[in-house]
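**Student:** pasting the sequence and the predicted model now:
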Amino acid sequence: MDDNKLKRINELARKAKAEGLTEEEQRERAILREEYVEAVRRNLRSQLNNIDVLGKDGKIENLGEKYGKKGH
């Protein structure tokens, strides 16, 4: 998600609090929010897929390999 879209999300949030949004702005906000949430999910999934855990038995296990690399 680029900076312009993040700025627009924040603009719409401020406007919603101050004066309310038109129907078109509400639709735009919903689309941008969904895009933002999906970007956060992809980022988190990518990070989790690269975590190695040391088990009690001394074996190193990659979480991405153990639970599958969803979304890739």
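**Tutor:** Yep, that arrived. Numbering: from 1, shown residues only.

**Student:** and the strand or helix carrying Lys66, how far out from the chain middle?
**Tutor:** Secondary-structure assignment from DSSP states H and E places Lys66 in helix 63-67. The chain centre lies 20 Å from the centre of helix 63-67; the measure is C-alpha atoms, centre = their mean, to the nearest Å.

**Student:** neighbouring contacts of that helix?
**Tutor:** Here helix 63-67 makes contact (C-beta atoms under 8 Å, 6 or more residues apart in numbering) with Leu48, Asn49, Asn50, Ile51, Asp52, Val53. No exception for glycine: its C-beta is placed from N, CA and C like everyone else's.

**Student:** for Gly58, grab phi and psi.
**Tutor:** Torsion angles at Gly58 (phi, psi; degrees, to the nearest 10) stand at phi 90, psi 0.

**Student:** what sits against it?
**Tutor:** By C-beta under 8 Å, 6+ apart, Gly58 has no neighbours at all.

**Student:** give me the next element, helix or strand, following the helix or strand containing Arg42.
**Tutor:** Remark: Arg42 resides in helix 23-49, with elements defined by DSSP H and E. Using DSSP H and E, the helix or strand that directly follows helix 23-49 along the chain is strand 52-54.

**Student:** for that next one, which strands pair with it and how are they oriented?
**Tutor:** According to DSSP bridges, strand 52-54 has the following sheet partners: strand 60-62 (antiparallel).

**Student:** which SSE is the nearest residue to Arg33 once chain neighbours are set aside in?
**Tutor:** Closest residue to Arg33 apart from its sequence neighbours, by C-beta to C-beta, 6 or more residues apart in numbering: Ile9 at 6.8 Å. Assigned by DSSP H and E, Ile9 falls within helix 3-18.

**Student:** list the contacts of that helix.
**Tutor:** Helix 3-18 is contacted from outside by Leu21, Glu25, Glu28, Arg29, Leu32, Arg33, Glu35, Tyr36, using C-beta under 8 Å, 6+ apart.

**Student:** quick check on those residues: which are buried?
**Tutor:** Arg29, Leu32 (16 or more other C-beta atoms under 10 Å).

**Student:** how about the contacts of helix 3-18 in CSV, adding pLDDT?
**Tutor:** Below are those laid out as CSV (pLDDT from 0 to 100):
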residue, pLDDT
Leu21, 96
Glu25, 97
Glu28, 97
Arg29, 97
Leu32, 97
Arg33, 96
Glu35, 97
Tyr36, 97
